[in-house]
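K.L.:
fold the following and give me the result.
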Amino acid sequence: MKIKMLIIGSGGHTLSCLNIIEKLNKFKIVGLVDNVKTNLAIKYKIIGNDFDLKILKQKISYAFIGLGQIKSPKIRKNLFRKLKKYNYKLPFIISKSSVVAKDIKISEGSIIMNMCHVNSNVKIGKNCILNSFSNIEHDVEIGDFVHISTGVIINGGCKIGSDTFIGSGSVIHNNVAIGKNCIIAAGKTISKNIKAGSIIK
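P.N.:
Numbering: from 1, shown residues only. Okay, here's the model as predicted:
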């Protein structure tokens with residue numbers, strides 16, 4: 001029997017997450033929760049907004065945040081905390097098309113999207129996005145609420161601080177530490193440590 005689950009969001013990133021979740025054949029998507037009326041995932045109805053989460057919890061125990069994260073994790077963090085407040089269960093999701101080592105540790109609410117490679121002894125925090133075609137090498141530690149964008153390469157031994165965004169196609173050299181709340185623009189090569197709060201354009 002499939003597990004009933006709410007999806008938070010209704011935009012493009014949500015649609016990508018839905019496609020991955022459907023292929024797992026583990027969850028039954030009951031509906032979407034969003035504060036907007038535009039629904040790209042027309043297969044599913046928007047059945048409420050953020051204010052309805054407490055009531056919806058009476059019938060549905062699982063939820064997943066499908067909203068994307070560009071630069072700031074604020075919206076996703078607030079939603080995550082609200083869902084935890086109402087005692088929703090937030091599963092991690094791994095696309096069937098990704099290659100993931102058996103010994104990784106991945107926390108609740110995170111997603112590894114299509115065609116990713118995640119190698120041995122990687123730790124992934126809460127509510128993270130590892131977007132399509134990202135490559136995470138051995139012994140990498142990724143904090144909470146991090147978005148690793150499409151095609152990013154993070155080499156072995158790196159540490160990525162919580163709330164950080166790394167833009168598409170960036171390359172992080174071995175053993176580099178990127179602090180909390182950083183923004184790394186698309187296409188950057190990072191070969192030295194980056195202090196917390198930095199913006200690399």
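
K.L.:
would you list every one of the helices in this structure?
P.N.:
12-24, 53-56, 74-85 (DSSP state H).

K.L.:
quick one: Ile60 and Met5 touch, right?
P.N.:
Yes - counting by CB atoms under 8 Å, Ile60 touches Met5, with 6.8 Å between them. All C-beta spots, glycine's among them, are computed from the backbone N, C-alpha and C.

K.L.:
any chance of the helices of the chain in TSV, plus distance to Phe145?
P.N.:
Formatted as TSV, the helices of the chain follow (distance: least, CB to CB, whole Å):
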stretch	distance to Phe145
helix 12-24	15
helix 53-56	19
helix 74-85	5
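
K.L.:
for Gly169, find the nearest of those helices.
P.N.:
helix 12-24 (17.9 Å; CB to CB).

K.L.:
just to revisit the earlier point, and the helices of the chain: which comes nearest Ile42?
P.N.:
Nearest to Ile42, of all the helices of the chain, is helix 12-24, at 9.4 Å by CB to CB.

K.L.:
please parse this protein into its domains.
P.N.:
Following the assignment in automatic domain parsing, the chain carries domains at 3-85, 93-196.

K.L.:
residues contacting Met115?
P.N.:
Met115 sits next to Ser95, Ser97, Ser98, Ser132, Phe133 when contact means CB atoms under 8 Å, 6 or more residues apart in numbering.

K.L.:
how far away is the last one from Asn114?
P.N.:
When CB to CB, to the nearest Å is applied, the distance between Phe133 and Asn114 equals 8 Å.

K.L.:
cool, and the fourth one?
P.N.:
Applying CB to CB, the value for Ser132 to Asn114 is 5 Å.
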